[in-house]
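Student: Any chance you can model this:
(4 chains)
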There are 2 protein chains.
Amino acid sequence: MGSGPAAGPRRASTRSVTLRDVAARAGVSSQTVSRVLRIPEEVAPHTRERVEAAIRESGYVPNLAARNLASNRSKIVATVIPALGSELFSETLTGLSAVLSPEGYQLLLGYTDYDDEREEDLIRSLLGRRPDGICLTGTVHRESTVAMLRTAGVPVVETWDWTDSPVDTLVGFSNERAMYAMVSFLHESGYREPCFVGSLLAGDHRSLRRLAGFRRAVNAFRPGREPRVVDASEYPLTLESGALLLDTARRAQPEADVLVFSTDVLACGALLAAGSTGVRVPGDIALTGFGDFELSRMVRPGLTTVSLPNARIGREAAALLLRRMRGGSSAASALDLGFEIRPREST
Amino acid sequence: MGSGPAAGPRRASTRSVTLRDVAARAGVSSQTVSRVLRIPEEVAPHTRERVEAAIRESGYVPNLAARNLASNRSKIVATVIPALGSELFSETLTGLSAVLSPEGYQLLLGYTDYDDEREEDLIRSLLGRRPDGICLTGTVHRESTVAMLRTAGVPVVETWDWTDSPVDTLVGFSNERAMYAMVSFLHESGYREPCFVGSLLAGDHRSLRRLAGFRRAVNAFRPGREPRVVDASEYPLTLESGALLLDTARRAQPEADVLVFSTDVLACGALLAAGSTGVRVPGDIALTGFGDFELSRMVRPGLTTVSLPNARIGREAAALLLRRMRGGSSAASALDLGFEIRPREST
DNA sequence: AGCGCTGCCGTTAGCGCTATCATCGCTCTC
DNA sequence: GAGAGCGATGATAGCGCTAACGGCAGCGCT
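Tutor: The predicted structure is shown next:
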């Protein structure tokens, strides 16, 4: 018992089962246990069975932090979205996860609340886990954020928008062109006084790109006209806000013949409010959305909107990351998944 | 240049900036850099400034996997939800994140798709990161899952339901009592032939608890009657399914006077479909939901439903985990946040 | 003067795992 | 039948970080 002066371990251990414990139980070296876990075909069947039994009996769960440190691969994909609640982003997330989970990757998630500074802090903190890949929403980021990502040298995929100079890879569509197409469609349908209703928040880059498309279209089809715009920055992205905005916009822009919302959430809210307050759509005013939520096609009148490849963005982004993480083509790739105008009864 | 036989490092390093690099640049030991990061007040101001400058200049980002391994704390909270898309769970997630992020915790997310086996696999894989805490949805899990969690010895909080024997801590409400209260309310309102419409999937435990509450209520208020039930297991949780189920249920249970949906998604879908097909609500048939989505109060007629503390569940669960992770009270705690019946025009 | 204390910083020894090499018995070949 | 070749396993040295302790000034106190 009388052990030496510096007896006892210097540090308390995890108290959880380790490779070494399993190895002792199976009567092999810890290296062999590690091999059973990672490359079972290189272990003799007889040994493998003994080790697998020991793993089962002891309830061993590998410590991925240790594995990460030793192997320099984390099996983590960090994912940044603007907000958790959105129907569209959650479908993208589902697509991402559906492709990455089977490959053993885990999603480390964070949201920015449409704030570029929060995005940078978030990415910095996520980089601490040394993710094998990063999936971002949007193509506009602070310069310092991009520098950080470049320094980290991690595969990145940007989504949900378009740019000619992606950080690394890109899967999305052009919000600007989509909105242009919508206004173009409205013009063809005879609408002459469209009014954009959406957030002009500095951090909501997708909405701003849509506004840019709107402006370009108005300049093209109604040269010389000042584009009508109602700023919805003060309103959260809820149906309720859409209801309020219907009223606000009709008062602010009484001559508008169609309200072009930057997102289906607001448009649906307006549509529902119109139904309950007796405003006829499209008789008194036409409405359009952006995103093609399920609600938009269930509500009466159906909402004219832009359908986006939300789930596909997730799957393709995951596929691209996978290729990249496996050390595939170092050439940057960009994938434009396009969009589709969905005419319904609201116009 | 002819170096020795065992020349060169045995292993390639991360290639990223390490503590040691920063220490060399600042002319201190790596331990001092570590201290600046974790307990800056114990470092002399003069030294601290030099180190902070070195950190900034080198763009150092701490490797959290290494920190995790050395300190035996991961600053990760693993979160398990049934599905990503649901409005309610995402509000809970937002609440969780809002409380945990400022404390430096990151969310590791996974979803089960309402499958207990997937839940177990998911939790096993999440445990590999040695999370400091785990947040689960629901109170029903496989025995082996519970055993695994107990062995891991990690703080756990279960949410969104109620049980007398939680794994560890609990934040939720009783789905069973909530549905009982709903049927009780309907009975008082004069409805005598309620019909439950919802998923009976083995993995959707919340829905099953609601069904149990429904059955108990029918037995209490209409003794001897066989409770009317329409199984929606075949349908995904979408508005579209609700629309189809309105038709199915009215055909299968023509004498029902109120359709009691297990969730607002389906109820809203039915309500919208009723509007477009000329079925009068509540004239021809009354409808109720469960969850109080935003849509439920915006649609006409408004949907009678049960309001749940979705965001609060997240915040309280986070608070409980925080206390637990700081080594607080080891006594198990359970928090019942209740529910509220929201009568609207659909009944 | 000598003692103990405190504040600051460095040294040492791991955390649990994997990469890389070394080793050991085999079989195969000429 | 000796060396080459190979498959299976073990030994060793880290990955980047932190906990625990050691050491050393500078200070106040008796």
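
Student: In the stretch 1-150 of chain A, where is pLDDT below threshold?
Tutor: A:1-14 (pLDDT under 70).

Student: so where do the strands sit in it?
Tutor: Taking DSSP state E, counting those that start in this stretch, the strands of the stretch 1-150 of chain A run over residues A:76-81, A:106-111, A:133-137.

Student: could I get those as a markdown table with mean neighbour count and distance to B:G242?
Tutor: (Glycine included, C-beta is placed from N, CA and C.) Below are the strands of the stretch 1-150 of chain A laid out as a markdown table (neighbours: other C-beta atoms under 10 Å in any protein chain shown; distance: least, C-beta to C-beta, whole Å):
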| stretch | mean neighbour count | distance to B:G242 |
| --- | --- | --- |
| strand A:76-81 | 25 | 27 |
| strand A:106-111 | 24 | 29 |
| strand A:133-137 | 26 | 30 |
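
Student: Adding distance to DNA strand C as columns, could you present those strands in JSON lines?
Tutor: Shown next, in JSON lines, are those (distance: least, C-beta to the nearest atom of the strand, whole Å):
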{"stretch": "strand A:76-81", "distance to DNA strand C": "15"}
{"stretch": "strand A:106-111", "distance to DNA strand C": "15"}
{"stretch": "strand A:133-137", "distance to DNA strand C": "17"}
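
Student: Just put these in TSV and tack on distance to B:P131.
Tutor: Shown next, in TSV, are the strands of the stretch 1-150 of chain A (distance: least, C-beta to C-beta, whole Å):
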stretch	distance to B:P131
strand A:76-81	13
strand A:106-111	11
strand A:133-137	21
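
Student: Among those strands, which comes closest to chain B?
Tutor: strand A:106-111 (4.8 Å; C-beta to the nearest C-beta).

Student: Can you list the buried residues in the one helix or strand A:L266 maps to?
Tutor: Per DSSP states H and E: A:L266 is located in helix A:264-277. Within helix A:264-277, the residues that qualify as buried are A:264-275, counting by 16 or more other C-beta atoms under 10 Å in any protein chain shown.

Student: and it with chain B, contact?
Tutor: Yes: looking at helix A:264-277 against chain B by C-beta under 8 Å from any C-beta of the partner chain, the contacts come from A:269, A:272-273, A:275-276.

Student: After that helix, heading C-terminal, what element do we hit next?
Tutor: strand A:286-288.

Student: what about A:V258, distance to DNA strand C?
Tutor: According to C-beta to the nearest atom of the strand, to the nearest Å, A:V258 and DNA strand C sit 59 Å apart.

Student: isn't that residue right up against A:L186?
Tutor: Yes: here A:V258 lies in contact with A:L186, judged by C-beta atoms under 8 Å, at a distance of 5.6 Å.

Student: Could you name every residue contacting both of the two?
Tutor: A:194, A:286, A:288, A:347 (C-beta atoms under 8 Å, 6 or more residues apart in numbering or on different chains).

Student: coming back round to it: now the buried residues of helix A:264-277 in CSV, with pLDDT and distance to DNA strand C?
Tutor: Listed next are those as CSV, based on pLDDT from 0 to 100; distance: C-beta to the nearest atom of the strand, whole Å:
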residue, pLDDT, distance to DNA strand C
A:D264, 97, 45
A:V265, 97, 45
A:L266, 97, 49
A:A267, 98, 50
A:C268, 98, 49
A:G269, 98, 51
A:A270, 98, 55
A:L271, 97, 54
A:L272, 97, 54
A:A273, 97, 57
A:A274, 97, 59
A:G275, 93, 59
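
Student: which one of the residues you listed is nearest B:V229?
Tutor: Among those, A:L272 lies closest to B:V229 (C-beta to C-beta), at 30.8 Å.

Student: which secondary structure elements does the helix holding A:L266 contact?
Tutor: helix A:239-252, strand A:258-261, strand A:286-288, helix A:294-298, helix B:294-298 (3 or more C-beta pairs under 8 Å, 6 or more residues apart in numbering or on different chains; DSSP states H and E).

Student: could you redo the last one with a cut-off of 6 Å?
Tutor: helix A:239-252, strand A:286-288, helix A:294-298 (3 or more C-beta pairs under 6 Å, 6 or more residues apart in numbering or on different chains; DSSP states H and E).

Student: just to revisit the earlier point, any chance of the buried residues of helix A:264-277 in CSV, plus distance to A:G133?
Tutor: Below are those laid out as CSV (distance: C-beta to C-beta, whole Å):
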residue, distance to A:G133
A:D264, 30
A:V265, 29
A:L266, 33
A:A267, 34
A:C268, 34
A:G269, 36
A:A270, 39
A:L271, 39
A:L272, 40
A:A273, 42
A:A274, 44
A:G275, 45
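
Student: for the residues you listed, which one is nearest B:R20?
Tutor: For the buried residues of helix A:264-277, the nearest to B:R20 is A:V265 (49.7 Å; C-beta to C-beta).

Student: Skip the chain neighbours and tell me the closest residue to the closest one.
Tutor: Nearest residue to A:V265, sequence neighbours excluded (C-beta to C-beta, 6 or more residues apart in numbering or on different chains): A:L237, at 5.1 Å.

Student: cool, A:L266 as well?
Tutor: A:L266 sits nearest to A:G242 (C-beta to C-beta, 6+ apart), 3.8 Å away.

Student: shouldn't the one you found be in contact with A:G269?
Tutor: Yes: using C-beta atoms under 6 Å, A:G242 makes contact with A:G269 at a distance of 2.1 Å.

Student: Nothing else from me, thank you.
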